[in-house]
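Q: My questions are about this predicted structure, shown below with the sequence.
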Amino acid sequence: MARYEITGGQPLNGEVTISGAKNAAVAILPAAVLVAGKCRVENVPDISDVRILLDILEDMGVQVTHVEPGVVELDSTNVTSTHPNPDLVRKMRASYYLMGVLLSRFGEASVALPGGCNFASRPIDQHLKGFRALGAEVAETEDYVNLFPGPDGLHGSRISLDVVSVGATMNIIMAACLIPGQTVIENAAKEPHIVDLANFLNTMGAHISGAGTDTVKIRGVEKLRGGTYTIIPDQIEAGTYLAAVAAAGGNVLVKNVIPKHMDCITSKLQEMGARVLNYDDSIRIISEGRLRNTTVKTRPYPGFPTDMQAQICVCMSLASGVSRLTENVYETRFFGYCSELQNMGAEILINGKTAIVTGQEKLRGASVTAHDLRAGAALVIAGLAAEGVTRIRNIHFVERGYENIIHKLTALGARIDRVED
Ligand code: EPZ
């Protein structure tokens with residue numbers, strides 16, 4: 001197993017370029033299976049979740065061509081398998097998108113229940129509610145979801161989600177693309193990666209409107225054609241680097257971002273005392289002196305993202321005063337990292353959905369363990385800001401979602417090494 005060794009205390013200076021959005025890529029790549037033709041996808045991040053997904057697609061008969069770094073071509077013309085490799089499927093969460101894709105293209109699917117970061121119970125009942133509304137029979141076993149057409153066949157429908165769910169919204173959009181009739185998803189999630197998926201599918205000939213609002217409409221079409229699409233920059237990767245500079249100090253230009261997607265994050269960092277300058281496709285952050293305390297409540301987009309909860313908690317751990325951090329999406333997410341931060345000197349009191357964080361002058365380096373993707377990213381930020389050396393185990397979690405993180409941080413002056421145990 002590998003670990004990161006970080007010698008903290010240096011401010012971060014220079015430029016960092018953000019990669020393609022993980023949570024868009026893990027939906028767009030399987031969505032290419034809806035197309036009986038060639039899709040060229042650009043700005044694909046080279047992260048382990050994407051590598052696993054491409055392995056799953058190739059195993060299903062998709063012709064995957066790595067054209068150049070960040071550019072893959074997927075040809076799903078000859079795909080026939082509706083039963084993706086369960087051992088690969090169980091390695092990541094977003095493999096559940098294959099349910100909607102295979103149901104839509106082939107009218108059936110047999111997909112193992114997904115794996116991925118287990119920081120909370122992550123049910124898929126809303127996905128299945130959508131598939132049933134589209135006329136599918138859903139047969140669940142302990143390990144599998146089996147889908148096939150019901151007595152009335154597959155048809156458009158109106159679906160009102162009981163929970164604002166990114167995954168369910170994306171899965172139902174993909175399922176509805178090739179199913180005859182009009183489908184309406186109400187109480188839909190509005191994240192930037194949902195708009196990105198809809199834009200990809202519309203580029204390939206789908207008829208989707210309203211993505212990015214709480215009501216998405218899909219008119220099923222006979223077939224989709226091939227084409228080229230570029231994935232948006234990763235809002236959470238960008239937010240992670242902004243939080244790292246806020247916590248460790250410094251002056252960094254974060255390039256290849258869509259500032260609009262970052263509003264909720266940058267406004268919070270400005271509240272804490274960082275200076276933020278927005279340009280067309282980049283953001284400069286300058287952090288000098290100690291941050292101020294603040295209050296954060298995570299919400300679905302356009303609110304403060306739950307995927308930035310751990311990272312902003314590190315900033316709060318170093319701020320003057322007492323901050324309050326309330327988690328409204330995954331209540332148990334705190335437990336993935338707070339005890340590790342406490343080993344580094346953070347003072348955090350968890351009270352139900354809220355963490356009360358009393359800021360400290362400094363954090364101290366320690367040996368800590370990552371328990372999920374964003375918890376691991378938060379420990380990296382804490383190590384960069386802490387005095388002394390921090391060793392982080394289980395870094396495979398971090399490498400699921402952060403492309404070239406060692407290279408990118410080293411270029412900013414960080415002292416971080418990847419060490420094999
Ligand atoms: C996506 O997960 C992201 N993952 C998560 O990012 C992110 O935290 C989450 O959206 C919220 O933004 C990917 O896109 C691969 P949800 P997802 O369905 O789709 C409940 C990261 O760090 N729910 O929006 O699984 C659920 O329990 C990862 O990149 C149901 O009750 O999240 C949660 O409380 C971690 N039933 C809430 O909805 C369902 O059928 C939001 O979940 C589905 C969800």
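A: Received it, and whenever you're ready, just let me know what you need. In this text, all values refer to a predicted model and were calculated from it rather than measured experimentally.
Q: Contacts only, for the spatially closest residue to residue 109 that is not a sequence neighbour.
A: Using C-beta to C-beta, 6 or more residues apart in numbering and skipping residues adjacent in sequence, the residue nearest residue 109 is residue 102, 3.6 Å away. All C-beta atoms are positioned from the backbone trio N, CA, C, and that covers glycine. Contacts for residue 102 (C-beta atoms under 8 Å, 6 or more residues apart in numbering) come out as 33, 82, 84, 108-109, 111, 147.
Q: Then residue 26?
A: Taking C-beta under 8 Å, 6+ apart as the test, what residue 26 contacts is 49-50, 53, 92, 94, 97.
Q: Which of those residues sits closest to the ligand?
A: residue 94 (4.1 Å; C-beta to the nearest ligand atom).
Q: which SSE is the residue nearest to that closest one when sequence neighbours are not counted in?
A: For residue 94, ignoring the flanking residues on the chain, the nearest one in space by C-beta to C-beta, 6+ apart is residue 26 at 3.6 Å. Counting by DSSP states H and E, the element that carries residue 26 is helix 22-31.
Q: check whether that helix contacts the ligand.
A: Yes. Helix 22-31 reaches the ligand (C-beta under 6 Å from any ligand atom) through 22-23, 26.
Q: what would those look like in CSV with pLDDT and distance to residue 339?
A: CSV is the format used below for those (pLDDT from 0 to 100; distance: C-beta to C-beta, whole Å):
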residue, pLDDT, distance to residue 339
22, 98, 26
23, 98, 27
26, 98, 29
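Q: With respect to the ligand, which of these is nearest?
A: residue 23 (3.5 Å).
Q: With neighbour count, secondary structure and distance to the ligand added, can I get the contacts of residue 26 in CSV?
A: Converted to CSV, the contacts of residue 26 look like this (neighbours: other C-beta atoms under 10 Å; DSSP: H, G, I helix; E, B strand; the rest coil; distance: C-beta to the nearest ligand atom, whole Å):
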residue, neighbour count, secondary structure, distance to the ligand
49, 23, helix, 8
50, 22, helix, 11
53, 27, helix, 10
92, 21, coil, 8
94, 23, helix, 4
97, 27, helix, 8
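Q: Now for the closest residue to residue 374 other than its chain neighbours, how many residues are close by?
A: Spatial nearest neighbour of residue 374, excluding adjacent residues (C-beta to C-beta, 6+ apart): residue 310 at 4.8 Å. The tally of other residues near residue 310 (other C-beta atoms under 10 Å) stands at 29.
Q: May I have the phi/psi pair for residue 310?
A: Backbone torsions for residue 310, taken as degrees, to the nearest 10, come to phi -70, psi -40.
Q: which residues touch whichever residue of the stretch 51-200 of the chain sits closest to the ligand?
A: Residue of the stretch 51-200 of the chain nearest the ligand, by C-beta to the nearest ligand atom: residue 167 (2.7 Å). For residue 167, the contact set (C-beta under 8 Å, 6+ apart) comprises 93-94, 96-97, 124, 126-127.
Q: so how far is the helix or strand encompassing it from its chain's centroid?
A: Assigned by DSSP H and E, residue 167 belongs to helix 166-176. Relative to its chain's centre, helix 166-176 lies at 15 Å (C-alpha atoms, centre = their mean, to the nearest Å).
Q: CA atoms of that helix as CSV?
A: The C-alpha coordinates for helix 166-176 follow below in CSV (Å, rounded to 0.1, in the frame of the first residue of the first chain):
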residue,chain,number,x,y,z
VAL,A,166,-27.8,13.5,-8.4
GLY,A,167,-27.5,9.8,-9.3
ALA,A,168,-31.2,9.1,-9.7
THR,A,169,-31.6,12.3,-11.9
MET,A,170,-28.8,11.2,-14.2
ASN,A,171,-29.8,7.5,-14.3
ILE,A,172,-33.4,8.4,-15.2
ILE,A,173,-32.3,10.9,-17.9
MET,A,174,-30.1,8.1,-19.5
ALA,A,175,-32.9,5.5,-19.2
ALA,A,176,-35.5,7.8,-20.8
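Q: Sweet, I'm off.
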